[in-house]
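Visitor: make a model of this:
(one chain, ligands or ions: 2)
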Amino acid sequence: MTATTLPIIDIGPYLDPAASAEQRQAVSRALDKACREHGFFYLVNHGVPQDLCDRVRAQGHQFFQLPEEEKRKHKVAGNFRGYKHFKDIIIRGRASLNEAIAFYPPVNCYSDGIAQGVDPTSPSATLPTMPDALGSQNSWPSDEFRAATEEYRDLVLKLGDRVLSAIAAGLGIGDSFRDWLLDPTWSIRFNGYPSLTGTDTEKAGDVSLGAHVDYACITILNQDPESASLQVMSKSGEWHKVQPLPGAFVVNTGKMLSLWTCNQYPARLHRVVHRDEKPRVSVATFIDPRFNAVIGPLPELAVPGEEPIKYTPKTFGSHLVDQLRIYSAMQQKQVS
Ligand SMILES: O=C(O)CCC(=O)C(=O)O
Ligand SMILES: [Fe+2]
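Guide: Residues are numbered from 1 along each chain as shown. Ligands and ions are numbered 1, 2, ... in the order given. Purely as a prediction, here's the structure:
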């Protein structure tokens, strides 16, 4: 299998207030090309300290090395938040050899009322339906884990805002995306991959994480530098390895961005096959629209001559809850 050559985007000018308009436009053009043609790119000069990226992954390694019963203490009611064992992650009918622990924004608003201690006049208390599907609150393995992850999250969300600003400028829609992306819904998932080598692949499946597209706007991936285990499907339908690039994030576009851009930026299939002996950890930050933003294809991005996309606009929150229900139903069907 060959390694893919992904574009390398230097986001520096979008982080540097002294950069010129021309420098920024060049970044936006490069991003536009990368999103149209690949849906995946390396992001360099991103300003998130390497030491912090390494520390966050190290917390993941430490957690995944814990005994099973310790990890299962971080299972959280609901579908996605908290710890999940690989046996619970079924994609297209196959179990994946993967485990994960995921964190979401705090839930403040349930169908039966507002969480204790939340100001009823605050914006988060007036969101239409905070998802009970996200279940309860985050379960942090330790104070150090939480501190490193929250420091990392804050920087990565700022970076995500800059990347999406640059993408919006490249699409020529200026800041109209702001309405969607102020106060984005985020989630951070730590993925743990034991080696596939030596496992009963018939039972475990021959992939670590099955082929999928992300439903986020963009995903910012921080991965161990040693192994090229992430694979991306090319336009001609072949799998290509993504070689980690030291100091770079791998960023990919998801279904939300493809919906928003009327499929001009398609979401690309990817999967993980980890055969190296050492376990691998990746930390994926998914950046999505604000919970109560009304989402749908942007009319100004409709492709002339093509059928308009049929989509009834709805809030991102209800879309997310629908997605979680679909995944949950799939899992229950497969596990039972
Ligand atoms: O671990 C990786 O390289 C990819 C993870 C991924 O695709 C995901 O979490 O959605
Ligand atoms: Fe993914």
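Visitor: list the helices and strands the host helix or strand of residue 158 packs on?
Guide: Taking DSSP states H and E as the criterion, the element that holds residue 158 is helix 143-171. Helix 143-171 is packed against helix 12-15, helix 21-37, helix 50-64, strand 185-193, strand 218-223, strand 280-288, with contacts defined by 3 or more CB pairs under 8 Å, 6 or more residues apart in numbering; DSSP states H and E. For every residue, glycine as well, the C-beta is placed using N, CA and C.
Visitor: check which element follows the third one along the chain.
Guide: Per DSSP H and E, helix 50-64 leads on to helix 68-72 as the next helix or strand towards the C-terminus.
Visitor: identify the residues contacting that next one?
Guide: Residues outside helix 68-72 that contact it (CB atoms under 8 Å, 6 or more residues apart in numbering) are 63-64, 83, 85, 99, 101.
Visitor: save these as JSON lines, and put in pLDDT and distance to ligand 1 too.
Guide: Shown next, in JSON lines, are the contacts of helix 68-72 (pLDDT from 0 to 100; distance: CB to the nearest ligand atom, whole Å):
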{"residue": "63", "pLDDT": "98", "distance to ligand 1": "15"}
{"residue": "64", "pLDDT": "96", "distance to ligand 1": "13"}
{"residue": "83", "pLDDT": "92", "distance to ligand 1": "14"}
{"residue": "85", "pLDDT": "81", "distance to ligand 1": "15"}
{"residue": "99", "pLDDT": "92", "distance to ligand 1": "12"}
{"residue": "101", "pLDDT": "95", "distance to ligand 1": "12"}
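Visitor: so which of the residues you listed wins on neighbours?
Guide: Counting neighbours by other CB atoms under 10 Å, residue 101 comes out on top of those with 27 neighbours.
Visitor: pull the CA atoms of the helix or strand encompassing it into PDB?
Guide: Using DSSP H and E, residue 101 sits in strand 99-103. Below are the C-alpha coordinates for strand 99-103, written out as PDB (Å, rounded to 0.1, in the frame of the first residue of the first chain):
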ATOM      1  CA  GLU A  99     -11.200   1.700  22.500                       C
ATOM      2  CA  ALA A 100     -12.000   5.300  23.200                       C
ATOM      3  CA  ILE A 101     -12.900   7.900  25.800                       C
ATOM      4  CA  ALA A 102     -14.800  10.900  24.700                       C
ATOM      5  CA  PHE A 103     -15.600  14.300  26.200                       C
END
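Visitor: before we move on, back to that, just the angle between the helix holding residue 158 and helix 50-64, please?
Guide: Counting by axes from the mean of the first three to the mean of the last three CA atoms, to 10 degrees, helix 143-171 points 130 degrees away from the direction of helix 50-64.
Visitor: and helix 143-171, anywhere near ligand 1?
Guide: No. Helix 143-171 lies apart from ligand 1 when judged by CB under 6 Å from any ligand atom; the minimum separation is 14.0 Å.
Visitor: what's the average pLDDT for the helix or strand following that helix?
Guide: Using DSSP H and E, the helix or strand that follows helix 143-171 in sequence is helix 178-181. The average pLDDT within helix 178-181 is 75.
Visitor: pLDDT weak spots in the stretch 101-250 of the chain?
Guide: Residue ranges of the stretch 101-250 of the chain with pLDDT under 70: 107-118, 120-136, 174-176, 198-205.
Visitor: let's see 80
Guide: Scanning the stretch 101-250 of the chain for pLDDT under 80 picks out 105-137, 174-183, 197-206.
Visitor: could you give the number of residues near residue 150?
Guide: Residues contacting residue 150 under the criterion other CB under 10 Å number 13.
Visitor: tell me who's in contact with the residue of the stretch 1-150 of the chain found nearest ligand 1.
Guide: Nearest residue of the stretch 1-150 of the chain to ligand 1, counting by CB to the nearest ligand atom: residue 100, 7.3 Å away. By CB under 8 Å, 6+ apart, the contact list for residue 100 reads 83-84, 89, 189-192.
Visitor: thanks a lot, catch you later.
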